[in-house]
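**Q** Quick check, what structure comes out for this input:
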Amino acid sequence: RVEPKIITLANNRVDLVFEITEGSKTGVKRIQFIGNRYYSAYRLKDVIKTSETGLLSFLQSGDIYDPDRIEADRELLRRFYLKHGFIDVRVVSAIGEFDPALRGFVVIFTIEEGEQYRFGGVDVQTSIRGLDPRLLWPKVRTFPGDVYNAEAVEKTVEEMTIEAARQGFAFATVRPRASRDNQNRLINLVFLVDEGARVYVERINVRGNTRTRDYVIRREFDVAEGDAYNRALVARAERRLKNLSYFKSVRITPEPGSAPDRIILNADGFLAEVSIAERNLFGRGLYGKASVQYGQYARGFGINFVDPYFLGYRVAFGLDVFGKQQLPTSYISYSTTTVGFGARLGFALRDDLVLQVRYSLYQQRVSLPSYLNDCILALPLAGFSNGAPINGGTGVSPLDPCFLNGEASLAVRRELANGAVLTSSLGYSLSYNTVDNNRNPTKGLLAELRQDFAGVGGDVRFVRTAGDVYSYHEIVSDLVGSLHLQGGHITGWGCNRNTSASLLDQPPECLRMLDHFQMGPNLVRGFAPAGIGPRDLSRYGLTGTGDALGGSLYWGASFEVQTPLYFLPKDSGVKVAAYADAGSLWNYIGPTSWAATGETLSGSICAAPPCPLDNAMHIRSSVGVGLIWDSPFGPLRFDYSVPLTQEPYDRTQRFRFGGGTKF
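**A** Numbering: from 1, shown residues only. Alright, predicted model coming up:
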């Protein structure tokens, strides 16, 4: 409410005062869609920025009525339908009406969806002499039979234009020509490549930038002043700037230059946002993060730094310093302390293919309570061979009280005897990513291969290989399914397992217990950390306990479906999930004997405990349900799992709380 007031002053003067009572902001109480047959209202609410007022409204601003935002939502809806094959879609209207009964606005979107089309025939033709169309075919992202996708057409045009420029035709233009088959609901495409007008970039203006350094913006352009103007490259630069998440809005617009063959590019709207983890450190486009962890069983710190344009090149350089301590739990008798650092370089081979090389150097030390390590002989025994007594020699009796009070596994005690061990390794990872949204994927594929080679100095040598594949598919509207496959293998360089010497007296290629894979809920949910796989069962019959030894081989498969809770607003970010997991960890190849106690572990497969070491590939499986909240602080998740198949000595953990972005 605005109320004008006049205050009379001396000498025939007055003050005019406007008293403004702002009141509370008016929210959006309800969002409705009319004409949506193919997609539900819950699915469409996830597309737009406007949201309904709810329990979590204090964490967001999208529920405040904003006519400009609603108009932008019309375009978001149109592009969403074009991406999913509805080429005739029309967002007829977007109306906001105040409802006194609700004490807020009701926003109504009226949509004419039309029919869904698929790609029919696809062809590439060029009128430029010397440009072979076969060189452009690998850039095609539109395939016969797929649902029509306007973004895939735009991406194909962009990639073809860049490839033509790479072949020496800087002024080539690519135009998609479509013909419609209404009877079969198909779109036949021909990509026409012609010689375009010879236009050069005269100047690039950066406007509205108050914090970020100018070069941080300009380095995202693949064109510079004086280069041939390429519309596809300009569109790519705009998309890159938006993906940086430094700015609230980005817009690149061309205007005529000083001559007919000159053009000026204006980049506007650079208003920096503030984030908890600083992605734009000092306005230089650097990423910095510091973290501290303190829990009942895990403590540590981490400092991370990333320069996405190292030395001015499109190469990401990262540096990490870390320290962590894993304390004993009811599942693990020992604690480990790790301190080290790592450096990495990342190269984008393509938009969807990234190669990263890395180096890490870290020191590990194992600690044990004294009562778990009191079976050491006062004097070394004579007449031992590979840990077994000969010529009448005897080790510590298995019934000695030092064992009965819960002695740790010989593999753990040998790690303790080794003291601090230094690991120096080189590695790489190759990742292929076509998912539509890294935070909330609904379709696409993410595959990653990782290898590490330890032995570039240090005390240990091994080759470790691991891989993950995630596949996402929207089964029906608002129901997304995912399949996760994973596997790994590690081996030492010529490790001799059957030796009585300590690690420091053995060849450096021997594989330690700590270098094995330790698996639990990261492989099969429903099991505790280090809850599955080979375990020292030499005293299982006496104490019912045993340390996890880990394995050198593992595989896992998980299938999961997620859907939002329909009685909550879509923008609340709350989902439910159901899943089934299966996997196995096996083949411990670390130390199995120790002369200091005369102990040995047999690697033979046994049917049931008590037995020294069960090294077989037993399949563990589980089913469960989860509750997921995409909170402002990151994804949070609560799972309840029921193991279906397990071994008697496995450690289970049905309830689990954590966070993460992949499912």
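**Q** For residue 532, give me its contacts.
**A** By CB atoms under 8 Å, 6 or more residues apart in numbering, the contact list for residue 532 reads 519, 520, 523, 524, 583, 584, 585, 620, 646, 647, 650, 651. (Each C-beta comes from the backbone N, C-alpha and C, glycine too.)
**Q** Go again with 7 Å.
**A** Contacts for residue 532 (CB atoms under 7 Å, 6 or more residues apart in numbering) come out as 519, 520, 523, 524, 585, 620, 650.
**Q** Looking at the residues you listed, spot the one nearest residue 314.
**A** residue 523 (35.8 Å; CB to CB).
**Q** Pretty sure the closest one sits in a strand.
**A** No: note on residue 523: no strand contains this position according to DSSP: H, G, I helix; E, B strand; the rest coil, which reports coil.
**Q** Going along the chain, name the strands of the stretch 451-600 of the chain.
**A** With DSSP state E, counting those that start in this stretch as the criterion, the stretch 451-600 of the chain has strands at 462-476, 479-492, 553-564, 574-586, 593-594, 599-600.
**Q** Same list, those strands, but as JSON lines with mean neighbour count please.
**A** Supplementary listing: the strands of the stretch 451-600 of the chain in JSON lines, determined by neighbours: other CB atoms under 10 Å:
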{"stretch": "strand 462-476", "mean neighbour count": "17"}
{"stretch": "strand 479-492", "mean neighbour count": "18"}
{"stretch": "strand 553-564", "mean neighbour count": "19"}
{"stretch": "strand 574-586", "mean neighbour count": "20"}
{"stretch": "strand 593-594", "mean neighbour count": "24"}
{"stretch": "strand 599-600", "mean neighbour count": "22"}
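**Q** how about those strands, which one is nearest residue 630?
**A** Distances from residue 630 to each of those were compared by CB to CB, and the smallest falls on strand 574-586, at 7.6 Å.
**Q** between the strands of the stretch 451-600 of the chain, which one is nearest to residue 234?
**A** Nearest to residue 234, of these and by CB to CB, is strand 462-476 at 30.5 Å.
**Q** Which strands and helices lie in contact with the closest one?
**A** strand 444-454, strand 479-492 (3 or more CB pairs under 7 Å, 6 or more residues apart in numbering; DSSP states H and E).
**Q** partners of the longest one in the sheet?
**A** Strand 479-492 sits in its sheet next to strand 462-476 (antiparallel), strand 553-564 (antiparallel), going by DSSP bridges.
**Q** got the angle between it and strand 574-586?
**A** With axes from the mean of the first three to the mean of the last three CA atoms, to 10 degrees as the basis, strand 479-492 and strand 574-586 are set at 30 degrees to each other.
**Q** contacting residues around strand 479-492?
**A** Around strand 479-492, the neighbours that count as contacts under CB under 7 Å, 6+ apart are 442, 461-475, 509-511, 515-517, 552-563, 663.
**Q** can you tell me the average pLDDT over that strand?
**A** Per-residue confidence for strand 479-492 averages out to 93 on the pLDDT scale.
**Q** still on that earlier bit, let me have the strands of the stretch 451-600 of the chain in CSV, extended by distance to residue 420.
**A** Rendered in CSV, the data for the strands of the stretch 451-600 of the chain read as follows (distance: least, CB to CB, whole Å):
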stretch, distance to residue 420
strand 462-476, 18
strand 479-492, 19
strand 553-564, 27
strand 574-586, 27
strand 593-594, 19
strand 599-600, 24
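**Q** buried ones in the host helix or strand of residue 346?
**A** Remark: residue 346 resides in strand 335-350, with elements defined by DSSP states H and E. Judged by neighbour count (16 or more other CB atoms under 10 Å), strand 335-350 contains these buried residues: 335, 336, 337, 338, 339, 340, 342, 344, 346.
**Q** between those residues, which is closest to residue 151?
**A** The shortest distance between residue 151 and any of the buried residues of strand 335-350, using CB to CB, involves residue 346 and amounts to 25.0 Å.
**Q** element containing residue 363?
**A** Residue-wise, residue 363 maps onto strand 353-367 under DSSP H and E.
**Q** same check, this time on residue 191
**A** Residue 191 belongs to strand 186-195, assigned by DSSP H and E.
**Q** Go through that strand and flag the buried ones.
**A** Neighbour-count burial for strand 186-195, with 16+ other CB under 10 Å as criterion, is recorded at 186, 187, 189, 191, 193.
**Q** Could you identify the helix or strand that succeeds that strand?
**A** Elements were assigned by DSSP H and E; along the chain past strand 186-195, the next helix or strand is strand 200-206.
**Q** and that next one, which residues are buried?
**A** Within strand 200-206, the residues that count as buried by 16+ other CB under 10 Å are 200, 201, 202, 204, 206.
**Q** can you pull the contacts of residue 454?
**A** Contacts were defined as CB under 7 Å, 6+ apart; by that measure residue 454 touches 423, 424, 425, 460, 461, 462.
**Q** Secondary structure element holding the nearest residue to residue 448 once chain neighbours are set aside?
**A** Using CB to CB, 6 or more residues apart in numbering and skipping the chain neighbours, the partner closest in space to residue 448 is residue 431 (4.3 Å). Under the assignment given by DSSP H and E, the secondary-structure element containing residue 431 is strand 421-433.
**Q** ok, now residue 124?
**A** Element membership for residue 124, per DSSP H and E: strand 118-126.
**Q** just residue 240 next, same as before
**A** Using DSSP H and E, the element containing residue 240 is helix 231-243.
**Q** With residue 158 instead?
**A** When elements are defined using DSSP H and E, residue 158 is found to belong to helix 150-166.
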